[in-house]
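Need coordinates for the below:
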Amino acid sequence: MAVTAPIPKPTPSRLLRELDQWSLRDLNKLVPGLLSLRARKLPSVVSRTEASLLKRITAGPPVRVMREYDRLMTRRVEQPLSQAEQCRLEQIIGEIDQHHLLHLQWLGELAALRRVTLPEVVRQLGLKRSL
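Residues are numbered from 1 along each chain as shown. Have a look, this model is predicted:
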């Protein structure tokens, strides 16, 4: 019966020295996995800031804006919109676009707070691409 010595646990500094020899391409593949592993090991308590971001991220554009958008889009299918209605529809689309930009900003803030990448936050939240 052969006795084998246990493999010593690498120290962070030793591991970093070894990783310094890796290519940038391999490091880019490793980093998201490391960030995900780190996030899983962090306590799962949600801070007020994170809770606020999650609430804003999941809320979507204001209901009144979406109702008016739906009404004008339905009307546009039935008949041409008046110039005033077309202008209003363009304003609403701008408001929805502005909300989408805020949505991305909030996702970025959440990613920074969790110290993970943006794609990782999207995966964690189970968000789907809309386009």
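
From residue 54, how far off is residue 63?
19 Å (Cβ to Cβ, to the nearest Å). Placement of C-beta: from N, CA and C, glycine included.

What's the first helix or strand after the lowest-mean-pLDDT helix or strand in the chain?
Using mean pLDDT, DSSP states H and E, helix 24-41 stands out as the lowest-scoring helix or strand of the chain, at a mean of 74. Once the chain leaves helix 24-41, the next helix or strand it forms, by DSSP states H and E, is helix 48-59.

what about the top helix by length along the chain, average pLDDT?
Counting residues, the longest helix found in the chain (DSSP state H) is helix 83-114. In this model, helix 83-114 has a mean pLDDT of 95.

could you check the angle helix 24-41 makes with that helix?
Put simply, helix 83-114 runs at 80 degrees to helix 24-41, going by axes from the mean of the first three to the mean of the last three Cα atoms, to 10 degrees.

If we go by neighbour counts, what in helix 83-114 is buried?
89, 92, 95, 99, 103, 106-107, 109-111, 114 (16 or more other Cβ atoms under 10 Å).

Now tabulate these in CSV and tack on distance to residue 81.
Output for the buried residues of helix 83-114, formatted as CSV (distance: Cβ to Cβ, whole Å):
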residue, distance to residue 81
89, 7
92, 12
95, 17
99, 22
103, 27
106, 32
107, 33
109, 37
110, 38
111, 39
114, 43
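
Remind me what the least confident helix or strand of the chain packs against, helices and strands.
If you count contacts as 3 or more Cβ pairs under 8 Å, 6 or more residues apart in numbering; DSSP states H and E, helix 24-41 packs onto helix 118-125.

Need the pLDDT of the residue nearest to residue 113 when sequence neighbours are not counted.
Leaving out its chain neighbours, the residue that sits closest to residue 113 by Cβ to Cβ, 6 or more residues apart in numbering is residue 50, at 5.7 Å. pLDDT recorded at residue 50 is 89.
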